[in-house]
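Engineer: With the sequence up front, the predicted model follows.
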Amino acid sequence: MFQTTIDHVGVEERAAKLGQRSIKAATKVQGIKLALSMIDLTTLEGKDSAGKVRAMCQKAKHPLPGNSEVPHVAAVCVYPNMITVAKQALAGTDINIAAVATGFPSGQYPLDIKLNDVRSAVNLGADEIDMVIDRGAFLSGHLSKVADEIALVKEACGAAHLKVILETAELETYDNIRKASWLSMEAGADFIKTSTGKLSQAATLPITLVMLEAIRDYWYETGKVIGMKPAGGIRTSKDAMKYLVLVKETLGDVWLTPHYFRFGASTLTNDLLMQLTKEMTGMYQSVDYFTVD
Amino acid sequence: MTERLAILKTYKLYIGGKFPRTESNRYYQVTSAKGKLLANASRGSRKDIRDAVVAARKAFSDWSGRSAFNRGQILYRAAEMLESHAQTFIDEIMAITGKTKKQAGDEVTASIDRLVWYAGWADKYMQLFSTVNPVATKYWNFTYPEPTGVVGIICPDEMPLLGMVSKVAPAVVSGNTCVVIASETNPLTPITFSEVIATSDFPGGVINIITGFKSELCGPLATHMDVNAIDYSGQDEKTISSLQEAAATNVKRVVIRRTPHGNDWLGDTSQSPYWIEPLVEMKTAWHPVGS
């Protein structure tokens, strides 16, 4: 299974086909709420400040103030420096704190620094760790180095969940993405994630499909349920619905919860809220009336 | 030689500088004054309105950031393009409305002149509406107009070309972008006019034209939260009150013009810098001066 080659044309056609489903009003509202509850609300910028993170946490708790039917998001995703701020802001909620670690976004740091990065993030209170793999090592064929690193990071995580970022845009081929997905799952990933969001090419439907199929095959083989997180480039409700269809058709309802599927996104939240408000009021919405991300 | 096949034009919509078919795939028939079928026009839907507003919003920062001189040039360019296609418009207006050649010619000429007239206003309306205000402290206090944003324009059914030009030119000259619901009874000429817009350096999205039934299109446009003003010409009181109500949701500017009507559109009374003024926002700045 590890070495299955991907039918390039087939996977793109299937992803495109599944993206064409027409989703009507009531289902759409349900889908939007589900997508909201699956969001890892993210800010990963050099200019992040405590104030920005607090504002984001407020939005994570109450995405649409005044409407209690709108679920809170699954987690906030921040740099390790911001964990303490986020923890304070989210006290008393069941919103998780995800921190990027292991020398995000490049992963080009010595192993002990990566592990310390992880341990310190967990100590600060991160519930989930988003690690990056060493793409250079992977592409040079040092697969065991990559796998060993993931295993060690998993160990350093302790009780925290581990999401492994493949940075698919740098992996060049679908075959590599499949291989990296499999390797990550075997090495102990709880989630596999497409991208750091730092490259212009991020999550796409075909890439997500390849990874979802890897998760499915891994589940067939081992019975272990691994989560999936597409990140970066998902900006509209329409896109989000396509991803949900893809999950439903490839893996089924078990994965359609925040426990096993997440969206790594920031701007997507506002579009979901705008579409939800549109469905409730019948009026097309404007970003002017939603909080600035 | 065999006889040539007639080339019949497909009248589509004009959104974001492109000519898409309506999202709804619907059409309605447009007949001549004598009842002969002339063409099928796109029967636009609320989703076309939505797409057009997105395009208009996207075009706003570029268009409003252009220099007044440049906007004037582009309006003048549209006049040039219309001039060189005048005969097409005359023929089309005659076929649809049953007007005489003279009447159709007058409408087209007046439309060209109106574009030139507003082109001239591009770098002048600001001087007219700006003020320096006396204040009792050491500030230089001044007020000047800025574009409102995305303007929803509902054209009169009469004078399909001139009615539209007279509404659109004063809206875009100040840097607004617009979504236009064209004449319902004659949607063909407005779409032909979009070919003029497309070839006159207007960036895509500045002017978007939707054809179809006003009863379906006005509501979604007037309630759209990303539309900043509604500009209506016509005499239908039911539509007027529903527009006013719908526009209240986000306190849009509402401009209702029951006149001009009929041949008044041709005259000087239907062009004025005071058609530019309701579609700008006045901004006041306090600038500290001296000691």
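Structural biologist: Received, thanks.
Engineer: where along chain A do the strands fall?
Structural biologist: A:39-42, A:75-78, A:96-101, A:128-132, A:161-165, A:191-193, A:227-229, A:263-265 (DSSP state E).
Engineer: who wins for proximity to residue A:143 among those strands?
Structural biologist: With distances scored as CB to CB, the stretch of those nearest to residue A:143 is strand A:161-165 (13.7 Å). Every C-beta, even on glycine, is put in place using the N, C-alpha and C of the backbone.
Engineer: List the strands paired with that closest one, with their directions.
Structural biologist: strand A:128-132 (parallel), strand A:191-193 (parallel) (DSSP bridges).
Engineer: Go ahead and produce CSV holding the CA coordinates of the first one.
Structural biologist: Once side chains and other backbone atoms are set aside, the C-alpha atoms of strand A:128-132 remain, and they are given as CSV (Å, rounded to 0.1, in the frame of the first residue of the first chain):
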residue,chain,number,x,y,z
GLU,A,128,-2.2,20.0,19.5
ILE,A,129,1.2,20.3,17.8
ASP,A,130,1.4,21.1,14.1
MET,A,131,4.8,19.9,13.0
VAL,A,132,6.5,20.3,9.7
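Engineer: Identify the residues contacting that strand?
Structural biologist: A:75, A:77, A:96-107, A:114, A:118, A:121-122, A:150, A:153, A:157, A:160-165, A:167, A:191, A:193, A:196 (CB atoms under 8 Å, 6 or more residues apart in numbering or on different chains).
Engineer: about what we covered before: tabulate the strands of chain A (CSV), appending mean pLDDT.
Structural biologist: Formatted as CSV, the strands of chain A follow (pLDDT from 0 to 100):
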stretch, mean pLDDT
strand A:39-42, 95
strand A:75-78, 96
strand A:96-101, 96
strand A:128-132, 96
strand A:161-165, 96
strand A:191-193, 96
strand A:227-229, 96
strand A:263-265, 92
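Engineer: JSON lines for these, including mean neighbour count?
Structural biologist: Shown next, in JSON lines, are the strands of chain A (neighbours: other CB atoms under 10 Å in any protein chain shown):
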{"stretch": "strand A:39-42", "mean neighbour count": "26"}
{"stretch": "strand A:75-78", "mean neighbour count": "30"}
{"stretch": "strand A:96-101", "mean neighbour count": "26"}
{"stretch": "strand A:128-132", "mean neighbour count": "27"}
{"stretch": "strand A:161-165", "mean neighbour count": "25"}
{"stretch": "strand A:191-193", "mean neighbour count": "27"}
{"stretch": "strand A:227-229", "mean neighbour count": "24"}
{"stretch": "strand A:263-265", "mean neighbour count": "29"}
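Engineer: Confirm that residue B:143 sits in a strand.
Structural biologist: Yes. Under DSSP: H, G, I helix; E, B strand; the rest coil, residue B:143 sits within a strand.
Engineer: Now do the contacts for it.
Structural biologist: B:130-131, B:133, B:282-285.
Engineer: Could you point out which of the residues you listed is nearest to chain A?
Structural biologist: Comparing the contacts of residue B:143 against chain A with CB to the nearest CB picks out residue B:283 as the nearest, at 17.0 Å.
Engineer: what helix or strand does the closest one sit in?
Structural biologist: Element membership for residue B:283 (DSSP states H and E) is strand B:280-288.
Engineer: Any part of that strand near chain A?
Structural biologist: No. Shown here: strand B:280-288 not in contact with chain A (CB under 8 Å from any CB of the partner chain), separated by at least 13.8 Å.
Engineer: check contacts around residue A:258.
Structural biologist: A:37-38, A:74.
Engineer: Let's see that with 10 Å instead.
Structural biologist: A:34, A:36-40, A:71-75, A:96, A:227 (CB atoms under 10 Å, 6 or more residues apart in numbering or on different chains).
Engineer: Check the gap between it and residue A:75 for me.
Structural biologist: Between residue A:258 and residue A:75 the distance is 8 Å, computed by CB to CB, to the nearest Å.
Engineer: Common neighbours of these two, please.
Structural biologist: A:38-40, A:96.
Engineer: Mind putting the residues you listed into TSV with distance to chain B?
Structural biologist: Putting these into TSV (distance: CB to the nearest CB, whole Å) gives the following:
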residue	distance to chain B
A:38	25
A:39	23
A:40	27
A:96	33
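Engineer: circling back to that earlier point, take the strands paired with strand A:161-165 and write them to CSV, including distance to residue A:173.
Structural biologist: Shown next, in CSV, are the strands paired with strand A:161-165 (distance: least, CB to CB, whole Å):
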stretch, distance to residue A:173
strand A:128-132, 19
strand A:191-193, 17
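Engineer: Quick check: the residue in the stretch 1-150 of chain A that chain B sits nearest to vs residue A:278, distance?
Structural biologist: Residue nearest to chain B within the stretch 1-150 of chain A (CB to the nearest CB): residue A:22, separated by 12.3 Å. Separation of residue A:22 from residue A:278 (CB to CB) stands at 17 Å.
Engineer: Which of those two has more residues huddled nearby?
Structural biologist: residue A:278 (18 against 7; other CB atoms under 10 Å in any protein chain shown).
Engineer: so that one makes contact with residue B:47?
Structural biologist: No. Using CB atoms under 10 Å, residue A:278 is not in contact with residue B:47; the gap is 11.5 Å.
Engineer: so what sits against both of these two?
Structural biologist: In contact with both residue A:278 and residue B:47: residue A:284, using CB under 10 Å, 6+ apart.
Engineer: burial measure for residue A:190, as a count.
Structural biologist: Neighbours of residue A:190 (other CB under 10 Å): 21.
Engineer: Would you reformat the strands of chain A as TSV and include distance to residue B:20?
Structural biologist: Below are these laid out as TSV (distance: least, CB to CB, whole Å):
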stretch	distance to residue B:20
strand A:39-42	32
strand A:75-78	37
strand A:96-101	41
strand A:128-132	40
strand A:161-165	38
strand A:191-193	36
strand A:227-229	35
strand A:263-265	28
